[in-house]
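> sequence and computational prediction follow.
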2 protein chains.
Amino acid sequence: MTEDLIDTNTESDAAISALKHTPGAAFGSCRYKLGSIHEHRVQYERLIEVFRAHDIGYFFYNGGNDSQDTAHKVSQVSAERPDPIVCIGIPKTVDNDLALTDCSPGFGSAAKYVATSLREAAFDLAAMSRTSTNVFILEVMGRHAGWIAAACGLAAEHEGDAPHVLLLPEVVFDEGRFLAKVNEALERYGHCVIAASEGVKGSDGEFLSAGASDAFGHAQLGGVAPLIANLISSKLGSKCHWAIPDYLQRSARHIASATDVEHAYAVGRAAVEFAIAGKSAIMPAIRRLSDVPYRWDIVDAPLSAVANQEKLLPPDFISADGFGITEAARRYLAPLIEGEAYPPSKDGLPDYVKLQNVMTPRKLTTAFTETV
Amino acid sequence: MTEDLIDTNTESDAAISALKHTPGAAFGSCRYKLGSIHEHRVQYERLIEVFRAHDIGYFFYNGGNDSQDTAHKVSQVSAERPDPIVCIGIPKTVDNDLALTDCSPGFGSAAKYVATSLREAAFDLAAMSRTSTNVFILEVMGRHAGWIAAACGLAAEHEGDAPHVLLLPEVVFDEGRFLAKVNEALERYGHCVIAASEGVKGSDGEFLSAGASDAFGHAQLGGVAPLIANLISSKLGSKCHWAIPDYLQRSARHIASATDVEHAYAVGRAAVEFAIAGKSAIMPAIRRLSDVPYRWDIVDAPLSAVANQEKLLPPDFISADGFGITEAARRYLAPLIEGEAYPPSKDGLPDYVKLQNVMTPRKLTTAFTETV
C-alpha cells in the first residue's frame, strides 16, 4: 500500500541462505488487515497499481489464516483483469490452525520448544517439591486452538511424567474438576505440572484472563497462568510458580525441529514451482502419507477453501477428562518435533542474519489514501 | 534430619554419567533452613548423629549462599568433636552471587539461555514493530543481584541491537528516566527490548512488583514485567509484550554453556580431591587466570569467608546511565556462555535421566523433634 518494496538482489547468497537458521520475518511483517473487496476495492486496486509499476507478476504471501484470506482476496481481484497476477499463499503459523495442510511451518519448532521447556522445568520442580514449590504452570500461545498446549503433552514419556494437566481452549474451564485433577496429581506424584493455553475460557465463553488487572488498576496484558496459580494457592495451599514464554516460544530457532525447517523450506520452494507451472490462487499444503516412518509430500490447496477456516484440535485428540491428549494426538504430533537443526554459534550465541533490506525507489507519484 | 538417605550404589554408571546432561537436583533439594548454632544446636547434633549411624565421614553440600552457610555451620559444630566430619561446600547457583569464586556453576547456562532467548525474541519484535507490538520485556531471575539481567546484554553485538534497556536491582528505578530511555530507543530503532530483573526496586527500597494483585484481589506471585508493560503502554502508547521464563531459565539444559558444564564437573571433582587431601570447611572456587584466551583453575576458599556474603554487580560493570553493561562486564561474562553442550535426543526431545533414588534403611529408632 505504501510502495515499500525491498530489493533482495542486493543481498549476498550467504545472507539469504542464513535465513534458513534465523528467526523472525526477515522483511518485516504487516499486521494491516485489508477490508472486504466489496467495501474497500480501492485498497486492492492500489496493490495492483504498485505491482504493475514495478513489473511484479508474482505475489507470494506467507502467514496464517488472515494472510491466506488476504492472498485469496488479491487473487480474486487480480483474476478479473486481462493480465492476472499469480497469487500464492504460503502456510506459516505457530498456531497450526490452517485448514487443508497437515501442519503449518513454525508449529513443529514451537511444539519442540514447549515440550522441551516443560520437561526441563518439571525436573526442577520435582527436585524442590518436597519442601518448596510443588505446582508449576506453563502458559503457552493459542487463543482459539490448543495445538501448542497439546504439544506440551509430548514431554510425558511414562505414567506420572509431567505435564499432569493440560488446559485447552477447546475445553470449557471447570474450576472444581480442575482443582480435583491438580489435587490428584499432588497426592500421587508430590507435584503437579500444568500447561495452559492463553485462550482458556470459562463457561461464559470469555477468556479466563479477561478480568485481570494490575496494581495500577490497568487491565493486565495477558496472563492466565498467574490467575490459575492464585486459584491453586488459595484453594489447595500449594506454592506455585508459573512461566509465560510469550514470543520466546515462536522465535526459539536455537531448538527448532529439523522436520519443521524442512517443511518451511519445502512449502516455499513448492510455491515457486507451482507459480512457474502456471498455478494461482493456491497454497502449497503438507500432506501426510505415513506416521511411522514419517512420510509427507506437498500438494496444492485452493485458497478459497483455506481462507476463513480455523482448524481446532479434533475431539479424538483430547482425552476423555479433557485434561490430556490421546494416542491419536501423539501419533500426529510426534514426527513434527523430530530432528535437531541447531543454528551456527558465534561467541556462545546463535549467529543470526539481518538483511540490509534496501528499498526499491518508488515509482508512483501519489501516496495511497482511502476516502471512506 | 529425617534420616532420608539415598544409596547411590544401586544406580548404574550410565545413569550417573547422564546426570552431566540432566537438569534439576537428582537427589531432590532441601529448602529447610537450619537455625543458628547457638539457639538450635540440637539440629546440628541430630545431623551428626545420623552421619555417625551410617558411617558417613564426608559431607558435600552444594548450593548458593544459604547452602554454604549451612555447610559452614555443620563444619563448626563437627570440628569440636574428636572425629570431625569433613565438610565441603560446592558452589551452584544461577544467581552467581557467591563470594570468592569467579562465578558459580549454573550461572553460565542461565546467562546463555537468557541472552539467546532475548536475541531471538528481538528478531521477532523488530519484524512486527512497524504495525504492531514495538516493546518487549524479558523478566529474568535475580532478586538482589543483577547478574542474569546483565548477561542479557551479551545479546547485543552492534549499536542498536537489543537489549536497549536493562533494569538491574543494583540501580534504583526512576520512572521518568526509564520512560525517556525507552522513548529514545523507540525513536531511534522503531522498537525497544528491555531485560528486567525480578528484583527491580523503587526509591523506597521496595520491590516494584510488591503491590501487584490479580483479578481475585490476591497478591500477585511475581511479575515486574506486566507492571512495566502497563506503565509503558499507558505513558508512551506503545503495544507491549512480555515474557517471564521463570524456572525455564535455570533448567534449560538443552542450551547449556559447555564452559559452565566443565565448571560444574570440576568443582565437584575438586571437592572430592580436597576431601581426600584432608581439607575441610572449604569450598572449591573457580579462579580466573585470563579473559582471552579464557583460562581458569580451582582453588579452595574458606567457608567462613564465603558464608553470609552476597556478591552484587560491581559498579564498574554498570554503564553510566544505569541501563546497560560496560566493556568490563562483557569481558567477564563472555567466556561463561562459550561452547555448546547439547544433551542427547530421543523422539525429538532431550533424553534426561531420573535416578531410582533407593532409600537406605533407617538405623535410628527416634525421629527428630526439636523442643524450642
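Here it is on my side, so go on.

> gap between residue A:325 and chain B?
15 Å (CB to the nearest CB, to the nearest Å). Heads up, the C-betas are built off the backbone N, CA and C, glycines and all.

> what of residue A:238?
Residue A:238 sits 11 Å away from chain B, going by CB to the nearest CB.

> again with residue A:203
When distance is defined by CB to the nearest CB, residue A:203 is 17 Å away from chain B.

> burial measure for that residue, as a count.
Residues contacting residue A:203 under the criterion other CB atoms under 10 Å in any protein chain shown number 9.

> next one: residue A:77
Burial measure for residue A:77: 18 neighbouring residues, criterion other CB under 10 Å.

> check contacts around it.
Residue A:77 is in contact with A:37, A:41, A:44, A:45, A:48, counting by CB atoms under 8 Å, 6 or more residues apart in numbering or on different chains.

> in strands, which of these fall?
If you go by DSSP state E, the contacts of residue A:77 have nothing in strands.

> how close does residue A:330 get to chain B?
Residue A:330 is 10 Å from chain B, by CB to the nearest CB.

> low-confidence ranges, chain A, go.
Scanning chain A for pLDDT under 70 picks out A:211-222, A:371-372.

> leaving out chain neighbours, which residue sits closest to whichever residue of the stretch 51-200 of chain A sits closest to chain B?
Distance from chain B to each residue of the stretch 51-200 of chain A (CB to the nearest CB) is smallest for residue A:123, at 3.3 Å. Nearest in space to residue A:123, with sequence neighbours left out and distances taken as CB to CB, 6 or more residues apart in numbering or on different chains, is residue B:24 at 3.3 Å.

> based on its surroundings, how many neighbours for residue A:331?
Around residue A:331 there are 12 residues (other CB under 10 Å).

> show me what residue A:89 is bridged to.
Residue A:89 has these beta-bridge partners by DSSP bridges: residue A:61.

> for it, give me its contacts.
For residue A:89, the contact set (CB under 8 Å, 6+ apart) comprises A:61, A:62, A:63, A:67, A:68, A:71, A:72, A:282, A:283, A:303, A:306.

> ok, now residue A:175?
residue A:231.

> give me the number of residues near residue A:61?
Neighbours around residue A:61, by other CB under 10 Å: 21.

> so it touches residue A:86, yeah?
No - counting by CB atoms under 8 Å, residue A:61 does not reach residue A:86; the two are 11.4 Å apart.

> residues contacting the residue nearest to residue A:43 when sequence neighbours are not counted?
Distances taken as CB to CB, 6+ apart place residue A:34 nearest to residue A:43, at 5.2 Å, with adjacent residues excluded. Applying CB under 8 Å, 6+ apart to residue A:34 gives the contacts A:40, A:43, A:44, A:70, A:73.

> same thing with residue A:270?
By CB under 8 Å, 6+ apart, the contact set of residue A:270 is A:284, A:298, A:300.

> and the helix or strand containing it, what's buried?
Assessed by DSSP states H and E, residue A:270 sits inside helix A:258-276. Residues of helix A:258-276 classed as buried: A:258-264, A:266-268, A:270-271, A:274-275 (neighbour count, 16 or more other CB atoms under 10 Å in any protein chain shown).

> again with stretch A:276-285
For stretch A:276-285, by 16+ other CB under 10 Å, it's A:279, A:280, A:281, A:282, A:283, A:284, A:285.

> next one: stretch A:21-36
A:21, A:22, A:23, A:24, A:25, A:26, A:28, A:29, A:30, A:34.

> if we can go back for a sec, for the residue of the stretch 51-200 of chain A closest to chain B, which three-state class applies?
The three-state assignment at residue A:123 reads helix, by DSSP: H, G, I helix; E, B strand; the rest coil.

> coming back round to it: return the subset of the contacts of residue A:89 lying in helices.
Among the contacts of residue A:89, the residues falling in helices (DSSP state H) are A:67, A:68, A:71, A:72, A:303, A:306.

> so which of those wins on neighbours?
Greatest neighbour count in these, by other CB under 10 Å, goes to residue A:68: 30 neighbours.

> isn't residue A:24 right up against residue B:124?
Yes - using CB under 8 Å, residue A:24 is in contact with residue B:124, at 4.8 Å.

> need the residues touching each of these two.
In contact with both residue A:24 and residue B:124: residue A:251, using CB under 8 Å, 6+ apart.

> rewinding a little: inside strands: which ones of the buried residues of stretch A:21-36?
For the buried residues of stretch A:21-36, not one is inside strands, with DSSP E as the criterion.
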